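S.K.: sequence-free structure coming up:
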């Protein structure tokens, strides 16, 4: 079986954030940590070398591939934040996204440049919906 590249580590979240070069991005990272901690009830953990994750779940695909991943998380990339959420692309999600502010969307990634571009309360709603969806999809979530 192929082992996941991104796994939870014991590295320090605080030390990682302090290495973020841009002061404003560092402040936004601290704000996202607080928002996701509040939304999830989980403490932040490093996943791989550059993802801050909250909670964990175990997935198993029909192909037999399985592993563990963070319920939600983000990474302060050089040009933008990558925010990792999962939920169906449905009307409820679309309604929340319509209220979010300035963002780009990938399959399971939301991309924002800075917190001031979005409504943090809506991001918290999206995070909570993602956690609920993932826990329902993968009941062995922790």
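M.R.: Nice, I can see it. Computed from a predicted model, the values in this text were never measured in an experiment.
S.K.: Can you give me the buried ones in the strand or helix carrying residue 96?
M.R.: Per DSSP states H and E, residue 96 falls inside helix 91-100. Residues of helix 91-100 classed as buried by neighbour count (16 or more other CB atoms under 10 Å): 93, 96, 100. No exception for glycine: its C-beta is placed from N, CA and C like everyone else's.
S.K.: Now the most centrally placed residue in the chain: closest residue in space, sequence neighbours ignored.
M.R.: Taking CA atoms, centre = their mean, the centroid of the chain lies closest to residue 73, which sits 2.1 Å from it. Using CB to CB, 6 or more residues apart in numbering and skipping residues adjacent in sequence, the residue nearest residue 73 is residue 53, 3.6 Å away.
S.K.: again with residue 38
M.R.: Per CB to CB, 6+ apart, closest to residue 38 is residue 124, 6.9 Å.
S.K.: Show me what secondary structure element comes after the helix holding residue 96.
M.R.: Proceeding N to C from helix 91-100, the next assigned helix or strand is strand 104-105, under DSSP H and E.
S.K.: Report how far apart the opening and closing residues of stretch 52-70 are.
M.R.: Stretch 52-70 stretches 9 Å from its first residue to its last (CA to CA, to the nearest Å).
S.K.: Thank you, goodbye.
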